[in-house]
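*Asks:* sequence and predicted structure below; questions after.
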Amino acid sequence: KGKLRGVMSNGMICSHDELGIEPSRLGYEPEYGILVLDENAEIGSDVKDLFGLNENVVEFEITSNRPDCFSIIGLARETAATFKKPFNVPTPKVKEVGGDINDMLSVEILDKDKCKRYCARAVKNVKIGPSPKWMRERLEACGVRAINNIVDITNYVLLEYGQPMHAFDIRDIAGSKITVRRASDGESIKTLDEQDRTLINDDLVIADKERAIAIAGVMGGFNSEIKDDTTTVVFESAMFDAASVRLTAQRVGLRTEASSRYEKGLDYHNTVPAIERACELVEILGCGENVSGMIDVLGNVEEPVSIKFRPDKINSFLGTDIAEADMLETFERLGIECRDMMLYP
(Lines give C-alpha, C1' and ligand atoms only; values in the text may rest on other atoms or scores of the structure.)
Protein backbone atom coordinates (compact mmCIF):
# COMPACT_ATOMS: atom_id res chain seq x y z
CA LYS A 1 0.00 0.00 0.00
CA GLY A 2 1.34 3.42 -0.92
CA LYS A 3 0.76 6.61 -2.84
CA LEU A 4 1.86 6.94 -6.44
CA ARG A 5 1.62 10.47 -7.87
CA GLY A 6 -0.76 11.36 -5.07
CA VAL A 7 -3.08 8.38 -5.64
CA MET A 8 -3.37 5.54 -3.15
CA SER A 9 -2.30 2.20 -4.64
CA ASN A 10 -2.79 -1.24 -3.10
CA GLY A 11 -0.60 -3.15 -5.51
CA MET A 12 1.06 -3.19 -8.89
CA ILE A 13 1.26 -5.32 -12.00
CA CYS A 14 4.66 -7.00 -12.33
CA SER A 15 6.38 -8.30 -15.44
CA HIS A 16 8.43 -11.48 -15.53
CA ASP A 17 11.55 -9.30 -15.93
CA GLU A 18 10.85 -7.44 -12.71
CA LEU A 19 10.40 -10.75 -10.88
CA GLY A 20 13.51 -12.31 -12.45
CA ILE A 21 11.58 -15.13 -14.12
CA GLU A 22 12.81 -16.46 -17.48
CA PRO A 23 10.07 -16.55 -20.18
CA SER A 24 11.06 -20.18 -20.88
CA ARG A 25 9.81 -21.10 -17.41
CA LEU A 26 6.40 -19.66 -18.27
CA GLY A 27 5.99 -21.65 -21.47
CA TYR A 28 4.93 -18.54 -23.39
CA GLU A 29 6.20 -15.06 -24.24
CA PRO A 30 4.33 -12.56 -22.02
CA GLU A 31 2.51 -9.93 -24.09
CA TYR A 32 3.51 -6.33 -23.30
CA GLY A 33 5.67 -7.68 -20.48
CA ILE A 34 2.60 -8.44 -18.36
CA LEU A 35 2.72 -11.72 -16.47
CA VAL A 36 -0.68 -13.45 -16.48
CA LEU A 37 -1.10 -16.08 -13.79
CA ASP A 38 -3.10 -19.29 -14.07
CA GLU A 39 -6.80 -18.69 -13.33
CA ASN A 40 -6.57 -21.20 -10.47
CA ALA A 41 -3.80 -19.27 -8.70
CA GLU A 42 -4.97 -18.28 -5.24
CA ILE A 43 -4.59 -14.72 -4.01
CA GLY A 44 -1.79 -14.55 -1.47
CA SER A 45 0.13 -17.49 -2.94
CA ASP A 46 3.92 -17.27 -3.02
CA VAL A 47 4.94 -16.62 -6.62
CA LYS A 48 7.89 -18.99 -6.16
CA ASP A 49 5.47 -21.86 -5.57
CA LEU A 50 3.42 -20.93 -8.65
CA PHE A 51 6.45 -21.19 -10.94
CA GLY A 52 8.28 -24.06 -9.27
CA LEU A 53 11.08 -21.82 -8.01
CA ASN A 54 11.23 -23.36 -4.53
CA GLU A 55 12.92 -26.60 -5.58
CA ASN A 56 16.20 -27.47 -3.87
CA VAL A 57 19.12 -27.92 -6.26
CA VAL A 58 22.35 -29.69 -5.33
CA GLU A 59 25.38 -28.21 -7.06
CA PHE A 60 28.40 -30.45 -7.62
CA GLU A 61 31.92 -29.33 -8.41
CA ILE A 62 33.42 -32.10 -10.56
CA THR A 63 37.16 -32.32 -11.13
CA SER A 64 38.35 -32.70 -14.72
CA ASN A 65 39.59 -36.27 -14.15
CA ARG A 66 36.03 -37.50 -13.52
CA PRO A 67 34.17 -36.98 -16.82
CA ASP A 68 32.00 -39.98 -15.86
CA CYS A 69 30.35 -37.75 -13.25
CA PHE A 70 29.45 -34.92 -15.66
CA SER A 71 25.91 -36.29 -15.95
CA ILE A 72 22.90 -37.19 -13.84
CA ILE A 73 23.43 -40.89 -14.58
CA GLY A 74 27.11 -40.63 -13.66
CA LEU A 75 26.33 -38.96 -10.35
CA ALA A 76 23.62 -41.55 -9.67
CA ARG A 77 26.10 -44.38 -10.31
CA GLU A 78 28.62 -42.83 -7.92
CA THR A 79 25.96 -42.21 -5.28
CA ALA A 80 24.59 -45.75 -5.54
CA ALA A 81 28.09 -47.21 -5.17
CA THR A 82 28.85 -44.97 -2.18
CA PHE A 83 25.67 -45.79 -0.28
CA LYS A 84 25.47 -49.39 -1.56
CA LYS A 85 22.11 -48.88 -3.21
CA PRO A 86 20.79 -50.50 -6.42
CA PHE A 87 21.68 -48.66 -9.62
CA ASN A 88 19.37 -49.14 -12.58
CA VAL A 89 19.25 -47.11 -15.77
CA PRO A 90 16.16 -47.91 -17.84
CA THR A 91 16.91 -48.89 -21.45
CA PRO A 92 15.31 -46.32 -23.81
CA LYS A 93 12.40 -47.69 -25.82
CA VAL A 94 12.02 -46.18 -29.29
CA LYS A 95 8.72 -46.42 -31.16
CA GLU A 96 9.36 -46.27 -34.91
CA VAL A 97 6.74 -45.48 -37.55
CA GLY A 98 8.42 -46.98 -40.61
CA GLY A 99 10.51 -45.61 -43.43
CA ASP A 100 14.28 -45.88 -43.41
CA ILE A 101 16.77 -43.19 -42.47
CA ASN A 102 19.19 -44.62 -45.04
CA ASP A 103 16.78 -43.47 -47.75
CA MET A 104 16.95 -39.94 -46.37
CA LEU A 105 20.60 -39.49 -45.37
CA SER A 106 24.11 -40.91 -45.60
CA VAL A 107 27.14 -40.34 -43.34
CA GLU A 108 30.85 -40.55 -44.13
CA ILE A 109 33.79 -40.07 -41.75
CA LEU A 110 36.92 -38.84 -43.54
CA ASP A 111 39.04 -38.31 -40.41
CA LYS A 112 38.59 -41.49 -38.39
CA ASP A 113 41.10 -40.41 -35.71
CA LYS A 114 39.29 -37.20 -34.81
CA CYS A 115 35.81 -38.78 -35.11
CA LYS A 116 35.55 -42.13 -33.33
CA ARG A 117 31.85 -42.70 -33.95
CA TYR A 118 28.92 -40.94 -35.58
CA CYS A 119 25.29 -41.95 -35.00
CA ALA A 120 22.27 -40.35 -36.66
CA ARG A 121 18.52 -40.83 -36.39
CA ALA A 122 15.68 -39.00 -38.13
CA VAL A 123 12.38 -37.65 -36.82
CA LYS A 124 9.57 -36.60 -39.18
CA ASN A 125 6.29 -34.71 -38.76
CA VAL A 126 7.98 -32.58 -36.13
CA LYS A 127 5.90 -29.99 -34.30
CA ILE A 128 8.16 -27.27 -32.91
CA GLY A 129 6.88 -25.69 -29.72
CA PRO A 130 7.67 -25.19 -26.04
CA SER A 131 8.69 -28.19 -23.94
CA PRO A 132 6.43 -29.32 -21.10
CA LYS A 133 6.76 -27.57 -17.77
CA TRP A 134 8.66 -30.43 -16.08
CA MET A 135 11.39 -30.39 -18.72
CA ARG A 136 11.74 -26.61 -18.77
CA GLU A 137 12.04 -26.53 -14.99
CA ARG A 138 14.71 -29.27 -14.91
CA LEU A 139 16.74 -27.52 -17.60
CA GLU A 140 16.46 -24.16 -15.84
CA ALA A 141 17.52 -25.76 -12.54
CA CYS A 142 20.71 -26.93 -14.32
CA GLY A 143 21.37 -23.47 -15.72
CA VAL A 144 20.26 -24.30 -19.28
CA ARG A 145 17.82 -21.98 -21.03
CA ALA A 146 14.85 -23.75 -22.59
CA ILE A 147 14.48 -22.96 -26.32
CA ASN A 148 12.05 -25.36 -27.99
CA ASN A 149 11.11 -29.02 -27.61
CA ILE A 150 13.67 -30.46 -30.07
CA VAL A 151 16.64 -28.39 -28.86
CA ASP A 152 15.55 -28.96 -25.25
CA ILE A 153 15.60 -32.73 -25.84
CA THR A 154 19.25 -32.58 -26.96
CA ASN A 155 20.19 -30.51 -23.90
CA TYR A 156 18.21 -32.79 -21.59
CA VAL A 157 20.06 -35.85 -22.90
CA LEU A 158 23.36 -34.01 -22.52
CA LEU A 159 22.64 -33.43 -18.83
CA GLU A 160 21.16 -36.89 -18.26
CA TYR A 161 23.71 -39.04 -20.13
CA GLY A 162 26.71 -36.70 -20.38
CA GLN A 163 26.65 -37.23 -24.16
CA PRO A 164 26.54 -34.05 -26.26
CA MET A 165 23.96 -34.09 -29.05
CA HIS A 166 22.91 -31.84 -31.89
CA ALA A 167 19.84 -31.51 -34.10
CA PHE A 168 19.85 -30.45 -37.76
CA ASP A 169 17.00 -29.38 -40.00
CA ILE A 170 17.27 -31.96 -42.80
CA ARG A 171 16.28 -29.33 -45.37
CA ASP A 172 19.59 -27.60 -44.75
CA ILE A 173 21.76 -30.69 -45.35
CA ALA A 174 22.70 -30.22 -49.00
CA GLY A 175 22.93 -33.44 -50.97
CA SER A 176 21.35 -35.35 -48.06
CA LYS A 177 24.86 -36.37 -46.97
CA ILE A 178 26.84 -35.61 -43.81
CA THR A 179 30.62 -35.70 -44.08
CA VAL A 180 32.86 -35.48 -41.02
CA ARG A 181 36.06 -33.87 -42.29
CA ARG A 182 38.81 -31.43 -41.51
CA ALA A 183 38.13 -27.81 -42.35
CA SER A 184 39.99 -26.05 -45.13
CA ASP A 185 42.41 -23.31 -44.03
CA GLY A 186 40.42 -20.08 -43.92
CA GLU A 187 37.03 -21.82 -44.15
CA SER A 188 34.32 -19.80 -42.42
CA ILE A 189 31.14 -20.79 -40.59
CA LYS A 190 28.53 -18.75 -38.77
CA THR A 191 27.76 -20.57 -35.52
CA LEU A 192 24.45 -20.64 -33.66
CA ASP A 193 25.45 -17.52 -31.71
CA GLU A 194 25.48 -15.71 -35.10
CA GLN A 195 29.24 -15.12 -34.96
CA ASP A 196 31.50 -15.84 -37.95
CA ARG A 197 34.34 -18.24 -37.11
CA THR A 198 37.39 -18.75 -39.30
CA LEU A 199 38.77 -22.29 -39.21
CA ILE A 200 42.07 -24.00 -39.96
CA ASN A 201 42.90 -27.46 -41.28
CA ASP A 202 43.27 -28.91 -37.76
CA ASP A 203 39.62 -28.15 -36.96
CA LEU A 204 37.01 -30.87 -37.48
CA VAL A 205 33.66 -29.95 -39.01
CA ILE A 206 30.35 -31.59 -39.83
CA ALA A 207 29.64 -30.72 -43.45
CA ASP A 208 27.15 -31.35 -46.21
CA LYS A 209 28.06 -31.40 -49.91
CA GLU A 210 28.44 -27.62 -50.03
CA ARG A 211 29.72 -26.23 -46.72
CA ALA A 212 30.33 -26.79 -43.02
CA ILE A 213 27.15 -26.97 -40.94
CA ALA A 214 28.75 -27.43 -37.48
CA ILE A 215 32.08 -27.25 -35.67
CA ALA A 216 32.45 -30.82 -34.41
CA GLY A 217 32.05 -31.06 -30.65
CA VAL A 218 31.77 -27.29 -30.18
CA MET A 219 28.67 -25.68 -31.74
CA GLY A 220 26.25 -26.11 -34.60
CA GLY A 221 25.99 -23.81 -37.57
CA PHE A 222 23.43 -21.02 -37.93
CA ASN A 223 22.75 -22.32 -41.44
CA SER A 224 21.17 -25.57 -40.20
CA GLU A 225 19.50 -24.59 -36.92
CA ILE A 226 16.07 -25.81 -35.85
CA LYS A 227 13.42 -23.29 -36.94
CA ASP A 228 9.75 -22.76 -36.12
CA ASP A 229 8.72 -24.42 -39.39
CA THR A 230 11.15 -27.36 -39.17
CA THR A 231 9.33 -30.61 -39.98
CA THR A 232 12.12 -33.21 -40.25
CA VAL A 233 15.05 -33.38 -37.85
CA VAL A 234 18.31 -35.31 -37.84
CA PHE A 235 19.70 -36.11 -34.39
CA GLU A 236 23.48 -36.41 -34.10
CA SER A 237 25.20 -38.34 -31.32
CA ALA A 238 28.93 -38.62 -31.95
CA MET A 239 32.30 -39.16 -30.32
CA PHE A 240 35.07 -36.70 -31.18
CA ASP A 241 38.72 -36.71 -30.12
CA ALA A 242 39.19 -34.87 -26.81
CA ALA A 243 42.37 -33.00 -27.72
CA SER A 244 40.98 -31.91 -31.09
CA VAL A 245 37.81 -30.43 -29.54
CA ARG A 246 39.77 -28.70 -26.78
CA LEU A 247 42.22 -27.03 -29.17
CA THR A 248 39.48 -25.93 -31.59
CA ALA A 249 37.29 -24.53 -28.78
CA GLN A 250 40.23 -22.56 -27.39
CA ARG A 251 41.31 -21.23 -30.77
CA VAL A 252 37.86 -20.01 -31.88
CA GLY A 253 37.11 -18.72 -28.36
CA LEU A 254 33.96 -20.79 -27.94
CA ARG A 255 33.68 -23.08 -24.91
CA THR A 256 30.29 -24.77 -24.68
CA GLU A 257 28.53 -27.42 -22.58
CA ALA A 258 29.38 -29.88 -25.36
CA SER A 259 33.06 -28.97 -25.73
CA SER A 260 33.60 -28.99 -21.96
CA ARG A 261 32.56 -32.65 -21.93
CA TYR A 262 34.27 -33.79 -25.10
CA GLU A 263 37.61 -32.30 -24.05
CA LYS A 264 37.69 -34.49 -20.93
CA GLY A 265 37.25 -37.70 -22.91
CA LEU A 266 34.00 -39.62 -23.39
CA ASP A 267 33.02 -43.24 -23.99
CA TYR A 268 31.98 -43.96 -27.57
CA HIS A 269 29.64 -46.70 -26.30
CA ASN A 270 27.41 -43.96 -24.86
CA THR A 271 26.45 -42.50 -28.24
CA VAL A 272 23.77 -45.10 -29.02
CA PRO A 273 21.88 -45.05 -25.67
CA ALA A 274 21.88 -41.24 -25.78
CA ILE A 275 20.37 -40.97 -29.27
CA GLU A 276 17.83 -43.66 -28.40
CA ARG A 277 16.86 -41.66 -25.33
CA ALA A 278 16.39 -38.55 -27.48
CA CYS A 279 14.02 -40.47 -29.76
CA GLU A 280 12.18 -41.84 -26.73
CA LEU A 281 11.68 -38.28 -25.47
CA VAL A 282 10.28 -37.29 -28.88
CA GLU A 283 7.59 -39.91 -28.33
CA ILE A 284 6.99 -38.86 -24.70
CA LEU A 285 6.64 -35.19 -25.68
CA GLY A 286 4.51 -36.06 -28.73
CA CYS A 287 6.52 -33.69 -30.94
CA GLY A 288 7.33 -36.00 -33.86
CA GLU A 289 7.57 -39.52 -35.29
CA ASN A 290 10.76 -41.58 -35.27
CA VAL A 291 11.86 -42.87 -38.66
CA SER A 292 13.02 -46.50 -38.56
CA GLY A 293 16.71 -47.33 -38.45
CA MET A 294 19.89 -45.65 -37.26
CA ILE A 295 23.07 -44.73 -39.09
CA ASP A 296 26.08 -45.83 -37.03
CA VAL A 297 29.56 -45.25 -38.49
CA LEU A 298 32.71 -46.14 -36.56
CA GLY A 299 36.06 -44.40 -36.79
CA ASN A 300 39.28 -45.58 -35.15
CA VAL A 301 38.11 -46.61 -31.68
CA GLU A 302 40.31 -47.86 -28.87
CA GLU A 303 39.79 -51.21 -27.21
CA PRO A 304 39.06 -51.19 -23.46
CA VAL A 305 42.19 -51.08 -21.31
CA SER A 306 42.92 -53.86 -18.81
CA ILE A 307 44.63 -52.84 -15.58
CA LYS A 308 46.37 -55.23 -13.18
CA PHE A 309 44.73 -55.43 -9.78
CA ARG A 310 47.24 -54.82 -6.94
CA PRO A 311 45.36 -54.40 -3.63
CA ASP A 312 48.54 -54.01 -1.54
CA LYS A 313 49.92 -51.31 -3.82
CA ILE A 314 46.57 -49.47 -3.78
CA ASN A 315 46.51 -49.41 0.04
CA SER A 316 50.16 -48.40 0.20
CA PHE A 317 49.66 -45.54 -2.24
CA LEU A 318 46.48 -44.25 -0.56
CA GLY A 319 47.59 -44.90 3.01
CA THR A 320 44.47 -47.00 3.57
CA ASP A 321 43.61 -50.45 4.81
CA ILE A 322 40.77 -51.49 2.49
CA ALA A 323 40.00 -55.19 2.26
CA GLU A 324 40.39 -56.80 -1.15
CA ALA A 325 36.77 -57.97 -1.05
CA ASP A 326 35.57 -54.37 -0.47
CA MET A 327 37.60 -53.18 -3.43
CA LEU A 328 36.07 -55.81 -5.69
CA GLU A 329 32.57 -54.99 -4.45
CA THR A 330 33.16 -51.29 -5.21
CA PHE A 331 34.39 -52.12 -8.72
CA GLU A 332 31.24 -54.16 -9.31
CA ARG A 333 28.96 -51.37 -8.09
CA LEU A 334 30.71 -48.91 -10.41
CA GLY A 335 30.31 -51.22 -13.37
CA ILE A 336 34.04 -52.00 -13.64
CA GLU A 337 34.48 -55.51 -14.96
CA CYS A 338 36.83 -57.83 -13.05
CA ARG A 339 37.97 -61.02 -14.77
CA ASP A 340 40.88 -63.50 -14.79
CA MET A 341 41.33 -62.65 -11.14
CA MET A 342 45.05 -62.89 -10.43
CA LEU A 343 46.79 -60.84 -7.81
CA TYR A 344 49.99 -59.16 -8.95
CA PRO A 345 52.86 -58.27 -6.63
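*Replies:* Cool, got the structure.
*Asks:* please count neighbours and contacts with C-alpha atoms only from this point.
*Replies:* Will do.
*Asks:* okay, now the sheet partners of whichever strand or helix holds Ile178, with direction.
*Replies:* Per DSSP states H and E: Ile178 is located in strand 177-182. The strands that strand 177-182 pairs with in its sheet are strand 106-109 (parallel), strand 204-207 (antiparallel) (by DSSP bridges).
*Asks:* contacts made by that strand with the rest, please.
*Replies:* With contacts defined as CA atoms under 8 Å, 6 or more residues apart in numbering, strand 177-182 is touched by 105-111, 115, 201-209.
*Asks:* pull out the buried residues from the residues you listed.
*Replies:* 105, 107-109, 115, 202-208 (16 or more other CA atoms under 10 Å).
*Asks:* could you work out the most separated pair of those?
*Replies:* Greatest spacing in the buried ones among the contacts of strand 177-182, by CA to CA: Leu105 and Asp202 (26.1 Å).
*Asks:* can I assume Ala249 sits in a helix?
*Replies:* Yes. With DSSP: H, G, I helix; E, B strand; the rest coil as the criterion, Ala249 is part of a helix.
*Asks:* hmm, Arg255 and it touching each other?
*Replies:* Yes. Counting by CA atoms under 8 Å, Arg255 is a contact partner of Ala249 at 5.5 Å.
*Asks:* so who does Ala183 touch?
*Replies:* 199-205, 212.
*Asks:* biggest separation within these, which pair?
*Replies:* Across these (CA to CA), the longest gap, 14.1 Å, separates Asp202 and Ala212.
*Asks:* in the stretch 1-150 of the chain, which spans are strands?
*Replies:* 2-4, 7-9, 106-109, 115-124 (DSSP state E, counting those that start in this stretch).
*Asks:* ends of stretch 295-314, how far apart?
*Replies:* With CA to CA, to the nearest Å as the measure, stretch 295-314 spans 43 Å from end to end.
*Asks:* what of stretch 151-170?
*Replies:* With CA to CA, one end of stretch 151-170 sits 14 Å from the other.
*Asks:* what helix or strand is Val301 on?
*Replies:* Counting by DSSP H and E, Val301 is part of no helix or strand.
*Asks:* now do the same contact list for it.
*Replies:* Per CA under 8 Å, 6+ apart, neighbours of Val301: 113, 116-117, 268.
*Asks:* which of these tops the neighbour count?
*Replies:* Arg117 (23 neighbours; other CA atoms under 10 Å).
*Asks:* test my guess that that residue contacts Phe240.
*Replies:* Yes. The pair Arg117 / Phe240 is scored as a contact, 7.4 Å apart, by CA under 8 Å.
*Asks:* could you identify the helix or strand that succeeds the strand holding Ile178?
*Replies:* Following strand 177-182 in sequence, per DSSP H and E, is strand 188-190.
*Asks:* how about residues contacting that following strand?
*Replies:* 196-199, 212-214, 221-223.
*Asks:* buried residues of that strand, list them for me.
*Replies:* Of all the residues in strand 188-190, those buried under the rule 16+ other CA under 10 Å are 189-190.
*Asks:* and the helices in this structure, which stretches?
*Replies:* Ranges of helices in the chain, per DSSP state H, are 16-19, 23-26, 47-50, 72-83, 133-141, 149-161, 242-252, 257-262, 271-285, 311-318, 324-333.
*Asks:* where in the chain is pLDDT low?
*Replies:* Within the chain, the segments meeting pLDDT under 70 span 24-29, 31-32, 341-345.
*Asks:* in it, which residue is most central in space?
*Replies:* By CA atoms, centre = their mean, the chain has its centre lying nearest to Leu158, at 1.9 Å.
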